[in-house]
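In: Build me a model:
(2 chains)
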There are 2 protein chains.
Amino acid sequence: MKESILEYLKENDDKYISGEYLSNIFNVSRAAIWKVMKRLEGEGYIIESKTKVGYKLISLPDTLHPYEIKSSLDTKRIGKTIHYFEEISSTNDYAKKLAQNAFEDGEVIIAGTQKSGRGRFSREWISPPNKGIYISLLLKPQISFENITQLTLFTALAICNALEEYVGINLEIKWPNDILLNSKKICGILTEISGEVDKINHVIIGFGINVNFDKVDFDDTLKNKATSLKIETSKTQDRKKIIQHILTVFDKYYEDYLNGENFENILKQYKSKMTIIEKNIVISIHNNTPASGTVIDITNSGALKIKMSDGSVKEFLSGEISLNPILD
Amino acid sequence: MKESILEYLKENDDKYISGEYLSNIFNVSRAAIWKVMKRLEGEGYIIESKTKVGYKLISLPDTLHPYEIKSSLDTKRIGKTIHYFEEISSTNDYAKKLAQNAFEDGEVIIAGTQKSGRGRFSREWISPPNKGIYISLLLKPQISFENITQLTLFTALAICNALEEYVGINLEIKWPNDILLNSKKICGILTEISGEVDKINHVIIGFGINVNFDKVDFDDTLKNKATSLKIETSKTQDRKKIIQHILTVFDKYYEDYLNGENFENILKQYKSKMTIIEKNIVISIHNNTPASGTVIDITNSGALKIKMSDGSVKEFLSGEISLNPILD
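Out: Below you'll find the model as predicted:
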């Protein structure tokens, strides 16, 4: 009932609605209506209440309650179920727990803050409360392991396109899936996979977006490498709307992908946003000696094609890139 | 102490050893020696005990106690820790639980029988008590996802070579990793993987070998497709020795692989055992329409190279093969 009353208040936020009227249309006591208002206030909704006049919704909380996200979400598969936590260890870890039992393709886990947010290579991902987007998608795509890289590429592109469109900015992608604004990181993606050689059991795509971080939220090591939408646009951004936008774009790409749509168009868009094409880079893979070369292209399976310093051409499906102009 | 006394009995199984003598060399009471003998008998060891003469080990049980396996295991990494269960749901499932916490690369899980043994595509794997080998290796190789197929191929080859050498038979491999004896299946391998796109957290390689199965152990649907070493060689085989042999060969291949040894030699051996080269087959992948063609080769990354019926050449990294002579 709470959600229906909230929807009603939203639709009528230009006027006061009396408690009596509400109790009539929702067929509950006026005391029950009063309780709902108190609960909504507890969740951060500002509701004005005037004696003998009624209730009026003044503003929504800056939290990511599932019913707020779902209320205007136009997706086929993604976000039909949303799990929300004010605080959690990490959304990917919770998704892993969910994956141990039956789950729907496209369940979403959202956190207000993460106590042990992680990025790639087990690095910490800072998650100040209610300033960022900390979210995981739990998927079970019927694809092969060899296509996982494609999935990670179009995830980066979906987030990138959704942010550009909604916030009105230009972003760059650093292969495989860091998203940069003015050459600083604003989004990282961590994809975890479990399955047999032939069969994927689940894919968890977690991403963190620095939305309303202030400069003080970054420590000294991050200050020069990371930024937020708020810092760069000088404007507090609406995290709910951004999430809705991203889920909608991702949902479309995901449907197309599962329906076998050609990957070429995605790849073309992806390339146009890539920062490192034709640049000299150093690539590190596991514990091997880092290799340097010039990025030529990415292949249809998402591998980075590099002309090595010895002239040979190699392909890398994973690894860590650093831009490193070769001086000799 | 039990294991040391057992070792001593094994080394001296040509004579009787008095309880007094044992109590002296192991520095325990004669009552303690007597208790150890009773425990060993409970585990299936046959120990003859003559009043005033002593104990003599007559025979070992046909079970796979870790200390029996480890006693003459010459490996660097595989089987330093062995977990044994008379009965378990499935060795792969137990390995998955182990993988949730810290573990060593190369832990081994062995079962006397499995209540829910699984093969590829979630099919049942029958596990009659103490007649087969039901085993999982828990690994954390520092390799990329794209190399997992190579790992599965050399696992099949390691098992194949160890069995051929120890049992004195000729085996065939049906890509990617079924092992056949006289065109019937005697071993299946199920590889499960978990990790990030860049980083493998764990690989579980489970395999089941039909060692001393009798014909009645196969139901009607399996009778024509599966067989056992005992059925084909008319001889009861020693499961312990077979396990030791396989772990030793696998350990060597695994070390070589992690040390970056060229995969070509493995691939060459693998190909020489392949049943389907130059045969017409049907390959099914996930829910797609099965495709038919002629097998040309396997690639360096372990993919099957097929000349399709329309003349094009395609590569498949996974899928289910059925031999299907095309009649037109």
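In: quick check, stretch A:80-98 touching chain B?
Out: No: judged by C-beta under 8 Å from any C-beta of the partner chain, stretch A:80-98 and chain B are separated, with a smallest distance of 9.1 Å. For every residue, glycine as well, the C-beta is placed using N, CA and C.
In: residues in chain A within reach of chain B, list them.
Out: Checking chain A against chain B by C-beta under 8 Å from any C-beta, the hits are A:120-121, A:142-146, A:148-149, A:152, A:176, A:190-199, A:285-287, A:317-320.
In: again, 7 Å this time
Out: A:120, A:142, A:144-146, A:148-149, A:152, A:190-198, A:286-287, A:317-319 (C-beta under 7 Å from any C-beta of the partner chain).
In: hmm, which of these are the buried ones?
Out: The neighbour-count criterion (16 or more other C-beta atoms under 10 Å in any protein chain shown) marks A:120, A:144-146, A:148-149, A:152, A:190-198, A:317-319 among the residues of chain A next to chain B as buried.
In: In terms of helices and strands, where is residue A:204?
Out: strand A:200-209 (DSSP states H and E).
In: Quick check, central residue of chain A?
Out: Nearest residue to the geometric centre of chain A (C-alpha atoms, centre = their mean): residue A:207, 4.6 Å.
In: who touches the longest helix seen in chain A?
Out: Identified as the longest helix of chain A according to DSSP state H is helix A:239-258. Contacts with helix A:239-258, where a contact means C-beta atoms under 7 Å, 6 or more residues apart in numbering or on different chains, come from A:64, A:68-69, A:72-79, A:133, A:135, A:141, A:154-155, A:158-159, A:161-163, A:165-166, A:211.
In: Please flag which of the residues you listed sit within helices.
Out: A:68, A:69, A:154, A:155, A:158, A:159, A:161, A:162, A:163.
In: In space, what's closest to residue A:213 - neighbours in sequence excluded?
Out: Closest residue to residue A:213 apart from its sequence neighbours, by C-beta to C-beta, 6 or more residues apart in numbering or on different chains: residue A:228 at 3.6 Å.
In: now residue A:201
Out: Closest to residue A:201 by C-beta to C-beta, 6+ apart is residue A:195, at 4.3 Å.
In: show me the contacts for the one you found.
Out: A:145, A:201, B:192, B:193.
In: And the strands in chain A, which stretches?
Out: Applying DSSP state E to chain A gives strands spanning A:46-50, A:54-59, A:82-88, A:107-114, A:133-139, A:171-174, A:178-181, A:184-196, A:200-209, A:280-284, A:291-298, A:304-308, A:313-316, A:320-323.
In: which of those sits most buried?
Out: Among the strands of chain A, strand A:133-139 has the highest mean neighbour count (mean count of other C-beta atoms under 10 Å in any protein chain shown), at a mean of 26.
In: Give me the packing partners of it, helices and strands only.
Out: On a contact count with 3 or more C-beta pairs under 7 Å, 6 or more residues apart in numbering or on different chains; DSSP states H and E, strand A:133-139 meets helix A:91-99, strand A:107-114, strand A:200-209, helix A:239-258.
In: Can you list the strands that the second one pairs with?
Out: Going back to what we said before, that points to strand A:107-114. strand A:82-88 (parallel), strand A:133-139 (antiparallel) (DSSP bridges).
In: buried ones in stretch A:268-285?
Out: Residues A:270, A:273, A:274, A:275, A:276, A:277, A:280, A:281, A:283, A:285 are the ones in stretch A:268-285 that count as buried (16+ other C-beta under 10 Å).
In: And for residue A:198, nearest residue in space, chain neighbours not counted?
Out: Ranked by C-beta to C-beta, 6+ apart and with sequence neighbours excluded, the top spatial neighbour of residue A:198 is residue B:318, at 4.0 Å.
In: And that neighbour, how close does it get to residue A:143?
Out: Separation of residue B:318 from residue A:143 (C-beta to C-beta, to the nearest Å) stands at 11 Å.
In: what's the answer for residue A:232, then?
Out: 35 Å.
In: which residues does the closest residue to residue A:273 other than its chain neighbours contact?
Out: Using C-beta to C-beta, 6+ apart and skipping residues adjacent in sequence, the residue nearest residue A:273 is residue A:173, 4.6 Å away. Each residue near residue A:173 by C-beta under 7 Å, 6+ apart is listed here: A:156, A:160, A:179, A:270, A:273, A:274, A:275.
In: make it 10 Å
Out: A:153, A:156-157, A:159-160, A:179-180, A:187, A:269-276 (C-beta atoms under 10 Å, 6 or more residues apart in numbering or on different chains).
In: and which of these is nearest to chain B?
Out: Sorting these by distance to chain B puts residue A:153 at the head of the list, at 10.2 Å, by C-beta to the nearest C-beta.
In: so how many other residues sit close to residue A:182?
Out: Here the number of neighbours of residue A:182 (other C-beta atoms under 10 Å in any protein chain shown) works out to 12.
In: just checking, it touches residue A:231?
Out: Yes: counting by C-beta atoms under 10 Å, residue A:182 touches residue A:231, with 9.4 Å between them.
In: quick check: domain ranges of chain A?
Out: Domain ranges of chain A: A:2-59, A:66-272, A:280-323, per automatic domain parsing.
In: quick one: which of these is nearest residue B:109?
Out: For the domains of chain A, proximity to residue B:109 was assessed by C-beta to C-beta; domain A:66-272 is nearest, at 17.1 Å.
In: now the closest one, how far from the centre of its chain.
Out: Computed by C-alpha atoms, centre = their mean, to the nearest Å, the chain-centroid distance of domain A:66-272 equals 3 Å.
In: Ends of it, what's the gap?
Out: End-to-end distance of domain A:66-272 (C-alpha to C-alpha, to the nearest Å): 34 Å.
In: Could you list the low-pLDDT ranges of the stretch 151-300 of chain A?
Out: Across the stretch 151-300 of chain A, residues meeting the criterion (pLDDT under 70) sit at A:286-287.
In: Which single residue of the stretch 201-328 of chain A approaches chain B most closely?
Out: Taking C-beta to the nearest C-beta, the stretch 201-328 of chain A has residue A:318 as its residue nearest chain B, at 4.1 Å.
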